[in-house]
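Enquirer: Fold the following for me, if possible:
(chains A and B)
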Amino acid sequence: MDVADAILAARARRAYETGRLGSAASRALPLLPLACLPILCCPDPARSIACGVALVAVVTCCLWRGEALRRGVRPGLIAGGVPLMIPVVAQATGHLCGIGRCLIDPTICIVAGVAGGIALGVFAPRPREAHGIPLVTASLIAGLTGSVGCWMYGLVGVAGMVVGLLAGAAPVLAVRRARG
Amino acid sequence: MERVPSPELQRLMERLADGDRSAFHPVFELLWPPLRRFAARHLGPGEADDIAQEALLRVFRRAAEFDPSRSALAWALGIAAYEIRTARRKRQRRREEAAPAGTLATARDQKPTPEETAMQDDMESMLRESLGALRPEDAETLRLYSRGERAHVAAATFRKRVERALTRLRAAWGTDGRR
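Expert: Predicted structure coming up:
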């Protein structure tokens, strides 16, 4: 490869990376309105929105890098959508513990987390695929997506959701692994 | 002409679209020569390389959107064809805007020699003759075009009319048997 071709190859590489980044950002940006859902039903949505912004950034990064990281995005979003929506719907349909915190809040997050965990176990790539990178990515994205909804109930809600995710996903993944 | 191994390019392009950076250089080496040849076949040598480069950069910029069900080479050449069309259109527009004014300026600046004047007169009388053989609308279009003016129609329509009139003029010029 001569010098002119090497310079052209470097320009082409930059074009490739910027093209990928633009494409990844345009596919991740529609998640932003979803991440802003807590504004509608939560008096203090700052942390939820921060989680939403982090989710958009992580999804953009995964789609930009591609390969194993990209393969975890869709299952992660599907699995995380459950613990995102259940608390939002619960809040929006009138379950409001106006004074302090009530015991139902963390329970909602645990139940939503278990449902999301089962979805994660079903849809996530096989644990052995690409050294488990797609599974880790899917879990991270599911956790972040779920946090957008569960931060409305504070750290207890997020912790409950994470425990639920693990509890729901572990048996399904174990069964899938046993079946080969 | 060396042939691009299409199945290999297809496989590499799919990997590149998925984000496999190790496929970048092989794809570059497989795509650059055919894009260059393709542009050279449709454009002048000075312009061809620039347009081939633009096409190559666009191919890589859009690599993430590549659909594996399509042929990689056909997809890349499609992008190059679009770039070539755009370059031709730009060139045509530049010529339309600059040529009449430039021609007049050159004519004013340089005084022709007697031989040049005689040749020019000769050419003009032949041109008049050929214009006379054209349909009146074509002759009027070319007269307007030569003065840098435009009929009261859209630019694209006028361009088409000029192209058509020039084709007929060329045909009249060529079948005459004198030139």
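Enquirer: residues of the helix or strand harbouring B:D121 that come out buried?
Expert: Using DSSP states H and E, B:D121 sits within helix B:114-133. Using 16 or more other Cβ atoms under 10 Å in any protein chain shown as the test for burial, helix B:114-133 gives B:130-131. (Glycine included, C-beta is placed from N, CA and C.)
Enquirer: So which elements touch that helix?
Expert: Using 3 or more Cβ pairs under 8 Å, 6 or more residues apart in numbering or on different chains; DSSP states H and E as the contact criterion, the elements in contact with helix B:114-133 are helix B:136-146, helix B:155-175.
Enquirer: tell me which residues in stretch A:157-175 are buried?
Expert: Buried residues in stretch A:157-175 (16+ other Cβ under 10 Å): A:157-165, A:168-169, A:172-173.
Enquirer: picking up where we left off before, ok and the helix holding B:D121 relative to helix B:155-175, angle-wise?
Expert: 110 degrees (axes from the mean of the first three to the mean of the last three Cα atoms, to 10 degrees).
Enquirer: among the buried residues of stretch A:157-175, which are in helices?
Expert: A:157-165, A:168-169, A:172-173 (DSSP state H).
Enquirer: Out of those residues, which comes closest to chain B?
Expert: Nearest to chain B among these is A:L173, at 24.4 Å by Cβ to the nearest Cβ.
Enquirer: how about the residues of chain A that lie near chain B?
Expert: Proximity of chain A to chain B (Cβ under 8 Å from any Cβ of the partner chain) is limited to residues A:1, A:5, A:8-9, A:11-13, A:15-16, A:18-20, A:23-24, A:64-67, A:69-70.
Enquirer: Nearest to B:E14, out of the helices and strands packed on helix B:114-133?
Expert: Nearest of these to B:E14, taken as Cβ to Cβ: helix B:155-175 at 38.9 Å.
Enquirer: For A:L29, give me its contacts.
Expert: A:V56 (Cβ atoms under 8 Å, 6 or more residues apart in numbering or on different chains).
Enquirer: Same check on A:G22?
Expert: Counting by Cβ under 8 Å, 6+ apart, there are no residues that A:G22 touches.
Enquirer: Tell me which helix or strand it sits in.
Expert: helix A:3-28.
Enquirer: And the residue of chain B closest to chain A?
Expert: B:G19 (1.6 Å).
Enquirer: neighbours around that residue, how many?
Expert: For B:G19, the neighbour count with other Cβ atoms under 10 Å in any protein chain shown is 21.
Enquirer: how many neighbours does the nearest residue to it once chain neighbours are set aside have?
Expert: Among residues not flanking B:G19 along the chain, A:G66 sits closest, at 1.6 Å (Cβ to Cβ, 6 or more residues apart in numbering or on different chains). Number of residues near A:G66 (other Cβ under 10 Å) recorded here: 19.
Enquirer: can you pull the contacts of the residue nearest to the spatial centre of chain A?
Expert: Taking Cα atoms, centre = their mean as the criterion, A:I141 is the residue nearest the geometric centre of chain A, at 2.5 Å. The contact partners of A:I141, by Cβ under 8 Å, 6+ apart, come to A:55, A:58-59, A:62, A:72-73, A:76-77, A:80.
Enquirer: Next up, the contacts around B:L77.
Expert: Residues near B:L77 by Cβ under 8 Å, 6+ apart: B:34-35, B:38.
Enquirer: now those residues: which count as buried?
Expert: B:34-35, B:38.
Enquirer: Let me know the closest of these to B:A76.
Expert: Nearest member of the buried ones among the contacts of B:L77 to B:A76, counting by Cβ to Cβ, is B:L35, at 6.5 Å.
Enquirer: Make sure the closest one is actually in contact with B:A76.
Expert: Yes - if you go by Cβ atoms under 8 Å, B:L35 and B:A76 touch, sitting 6.5 Å apart.
Enquirer: shared neighbours, these two?
Expert: Listed as contacting both B:L35 and B:A76 by Cβ under 8 Å, 6+ apart are B:55, B:59.
Enquirer: All set, thanks.
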